[in-house]
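Q: Whatever this is, show me its structure:
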Amino acid sequence: MAEQPVAGRAVEDLLRECAPQVLGALVRRHGMFDACEDAVQEALLAAALQWPKDGIPDNPRGWLLTVANRRLVDEIRSDEARRRREDADAATPAEAAQRPPELDRDDSLLLLFMCCHPSLSRPSRVALTLRAVGGLTTAQIAAALLVPEATMAQRISRAKQSLKASGMPPDAERAARLAEVRHVLYLIFNEGYTSTSGPDLTAPELSSEAIRLTRMLHGLVPDDAETAGLLALMLLTDARRRARTSPSGELVPLDEQDRSLWDKALIAEGVDLLSRTLPRGQVGPYQLQAAIAAVHDEAATPDATDWPQILALYDLLGRTDPDNPMVALNRAVAVAKVLGPSEALALLDDLAEDKRLKDHHRLLAARAHLLELQGNRAEAAETYRAAARRTTSTPEHRHLTNRADRLSE
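A: A predicted model of the protein is given here:
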């Protein structure tokens with residue numbers, strides 16, 4: 001044991017790092033995701049109370065696993081119904097309690113695979129990942145995703161119950177499951193970077209947590225190029241976060257941002273990661289999106305942006321991810337920069353036939369912007385207002401309404 005008390009923040013950071021590793025090891029040993037998660041939470045609480053006073057153990061993960069294992073075994077022993085059903089295995093819990101902690105491997109990847117099980121809905125995968133791997137409380141997740149806490153608690157509880165018999169997927173399924181893990185982390189980041197509803201444009205705790213978890217995933221699968229690409233994309237995008245809102249919380253478009261506020265360290269890290277990933281070949285959507293973000297980040301001014309290169313990258317991205325309407329929408333904006341707004345408006349006419357985008361405020365906002373570039377002020381103002389009516393984000397609503405008002409004046 002360490003001899004000196006330690007700061008609560010150091011303990012909190014260590015517990016967040018250890019929690020998924022301990023939960024993964026416990027689930028691997030016992031199954032019963034729900035019961036294991038409860039036991040780990042009790043062990044974390046015990047550590048949060050004891051470690052700041054007594055010091056951090058020499059083997060903190062082993063300490064947590066031992067305590068959580070004992071709590072779980074005690075719970076199993078106290079469950080009389082289970083004991084009657086499993087009389088033949090009555091000695092198993094005691095034997096498990098005597099086994100040394102199995103922390104010779106990191107089970108975080110197992111835990112991510114479980115949280116992203118295909119039997120769960122996408123919202124449940126997001127919530128369970130934030131709860132079990134991210135260590136956020138149910139209240140924190142509900143607040144970040146703007147869902148009532150009781151609703152979120154039910155969602156997480158149902159998800160944990162669904163995973164009772166789940167484990168590490170067979171080798172043949174792991175590539176597909178890894179892709180789903182990446183997508184869940186991508187969804188978490190996007191919701192943090194641009195909240196779909198509510199009074200604030202961003203939810204930094206979500207985007208920061210997505211970056212932390214993606215760093216962890218990259219450490220677990222360092223040779224996976226798309227995971228590296230996803231991490232680079234997050235870093236290069238999050239680097240602009242401080243400049244995206246004014247001091248009063250108003251949305252600031254990319255070409256109006258104060259680029260001195262961009263985080264140069266995150267940009268350098270993202271570019272370096274991308275430069276080490278792209279030469280490997282087998283370029284995927286996350287790597288291409290990261291490359292587009294890098295072109296934006298490396299431009300000293302809006303006019304210095306290499307839009308032909310961005311358009312070429314969107315052309316590649318469209319071939320790699322052909323069924324993504326948001327990629328096609330963003331490509332149309334790049335077309336406007338290179339070939340003019342009329343060419344881009346024709347593309348938006350085609351996208352309006354896609355039922356996934358037909359009523360989306362971003363399609364209308366893009367159309368309004370292109371109409372404004374054309375000099376069609378009246379129709380642009382009307383379209384900005386239509387977009388404002390369809391967004392559930394308060395900052396986006398104000399921004400779109402302000403654009404319409406300025407054009408009307």
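Q: This structure - how does it break down into domains?
A: What the record gives for the chain is the domain set 8-98, 108-162+174-222, 223-300, from automatic domain parsing.
Q: Run the chain-centre distance for the last one.
A: On the basis of Cα atoms, centre = their mean, to the nearest Å, domain 223-300 sits 15 Å off its chain's mean C-alpha point.
Q: Next: the first one.
A: Distance of domain 8-98 from the chain centroid (Cα atoms, centre = their mean) equals 27 Å.
Q: mean confidence for it?
A: For domain 8-98, mean pLDDT rounds to 76.
Q: contacts for the strand or helix carrying residue 349?
A: Assessed by DSSP states H and E, residue 349 sits inside helix 341-351. With Cβ atoms under 8 Å, 6 or more residues apart in numbering as the test, helix 341-351 has contacts from 325, 328-329, 331-333, 335-336, 357, 363, 366-367, 370-371, 373-374. C-betas here are computed from N, CA, C, even on glycine.
Q: can you list the domains of the chain in JSON lines and add mean neighbour count and distance to residue 309?
A: Shown next, in JSON lines, are those (neighbours: other Cβ atoms under 10 Å; distance: least, Cβ to Cβ, whole Å):
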{"stretch": "domain 8-98", "mean neighbour count": "17", "distance to residue 309": "39"}
{"stretch": "domain 108-162+174-222", "mean neighbour count": "19", "distance to residue 309": "23"}
{"stretch": "domain 223-300", "mean neighbour count": "18", "distance to residue 309": "6"}
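Q: Quick one: these as JSON lines, columns for distance to residue 317 too.
A: Formatted as JSON lines, the domains of the chain follow (distance: least, Cβ to Cβ, whole Å):
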{"stretch": "domain 8-98", "distance to residue 317": "32"}
{"stretch": "domain 108-162+174-222", "distance to residue 317": "14"}
{"stretch": "domain 223-300", "distance to residue 317": "4"}
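Q: Ok, which of these comes nearest residue 393?
A: Among the domains of the chain, the nearest to residue 393 by Cβ to Cβ is domain 108-162+174-222 (5.8 Å).
Q: now the closest one, how far from the centre of its chain.
A: Counting by Cα atoms, centre = their mean, domain 108-162+174-222 is centred 6 Å from the centre of its parent chain.
Q: Now it: average pLDDT?
A: Computed over domain 108-162+174-222, the average pLDDT equals 85.
Q: So residue 131 is in contact with residue 155, correct?
A: No - counting by Cβ atoms under 8 Å, residue 131 sits too far from residue 155 to count as a contact (9.7 Å).
Q: CA-only coordinates of the helix holding residue 349, as PDB, when you get a sec.
A: Output in PDB follows, covering the C-alpha atoms of helix 341-351 (Å, rounded to 0.1, in the frame of the first residue of the first chain):
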ATOM      1  CA  PRO A 341     -23.500  27.000 -56.200                       C
ATOM      2  CA  SER A 342     -25.600  26.100 -59.200                       C
ATOM      3  CA  GLU A 343     -23.800  22.800 -59.700                       C
ATOM      4  CA  ALA A 344     -24.300  22.100 -56.000                       C
ATOM      5  CA  LEU A 345     -28.000  23.000 -55.900                       C
ATOM      6  CA  ALA A 346     -28.600  20.400 -58.600                       C
ATOM      7  CA  LEU A 347     -27.000  17.800 -56.400                       C
ATOM      8  CA  LEU A 348     -29.300  18.900 -53.500                       C
ATOM      9  CA  ASP A 349     -32.300  18.400 -55.700                       C
ATOM     10  CA  ASP A 350     -31.300  14.700 -56.100                       C
ATOM     11  CA  LEU A 351     -30.700  14.400 -52.300                       C
END
